[in-house]
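Peer 1: Structure of the sequence below:
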Amino acid sequence: MEENFDKNSPAPYQISNENLKDILKNHSLWLSSGEAEGKPANLAGCNLRGVVLLGANLKKANLKGAYLYGAYLKNANLEQADLSDVNLRGANLRWVNLRGANLSGSNLVRADLYESNLKET
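Peer 2: Numbers count the residues shown, from 1 in each chain. All right, here's what the predicted structure looks like:
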């Protein structure tokens, strides 16, 4: 993932695949335990260009200002997630649950939102 880093990106924070997996695992535990265990995913400002998060459950996650250019998020759950100021240009958001997500200031140019749930966004 680091070889795709764009130095002009507004999100300079690099994250390793291993660290991302740990964050997703803790987030899953946090959700399944009713927010009693684990911790919510905080990916604010991270460079996640081209990341594959097929079917990922990122409900209530903090992705504010993240760089998700060309990301593959098909079937992901982003309900109530903070996606403000996120670069989602060219991202695959097919069948994504965005109910109640904050998309203010986000770049959705050429993003594929086919059959996505955009209620209450």
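
Peer 1: Check what pLDDT residue 121 gets.
Peer 2: With respect to pLDDT, residue 121 scores 84.

Peer 1: Backbone dihedrals for the residue lying farthest from the centre of the chain, both of them.
Peer 2: For the chain, the residue at maximal distance from the C-alpha centroid (CA atoms, centre = their mean) is residue 36, at 22.1 Å. Backbone geometry at residue 36, expressed as degrees, to the nearest 10, gives phi -90, psi -30.

Peer 1: Run through the residues that contact residue 117.
Peer 2: 96, 97, 98, 99 (CB atoms under 8 Å, 6 or more residues apart in numbering). C-beta here means a position set from N, CA and C on the backbone, and glycine is covered the same way.

Peer 1: Which parts of this structure are helices?
Peer 2: Secondary structure of the chain (DSSP state H): helices located at 17-32.

Peer 1: Give me the residue at the spatial middle of it.
Peer 2: For the chain, residue 63 is the residue whose C-alpha lies nearest the centre (CA atoms, centre = their mean; 5.5 Å).

Peer 1: That residue is in contact with residue 85, isn't it?
Peer 2: No - Residue 63 lies out of contact with residue 85 (CB atoms under 8 Å); the separation is 9.4 Å.

Peer 1: Count the residues that sit near residue 80.
Peer 2: 17 (other CB atoms under 10 Å).

Peer 1: which residues touch it?
Peer 2: So residue 80 contacts 59, 60, 99, 100, 101 (CB under 8 Å, 6+ apart).

Peer 1: Make JSON lines out of those and add neighbour count, distance to residue 111 and pLDDT.
Peer 2: Below are the contacts of residue 80 laid out as JSON lines (neighbours: other CB atoms under 10 Å; distance: CB to CB, whole Å; pLDDT from 0 to 100):
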{"residue": "59", "neighbour count": "21", "distance to residue 111": "19", "pLDDT": "99"}
{"residue": "60", "neighbour count": "19", "distance to residue 111": "21", "pLDDT": "99"}
{"residue": "99", "neighbour count": "17", "distance to residue 111": "17", "pLDDT": "98"}
{"residue": "100", "neighbour count": "16", "distance to residue 111": "18", "pLDDT": "98"}
{"residue": "101", "neighbour count": "29", "distance to residue 111": "13", "pLDDT": "98"}
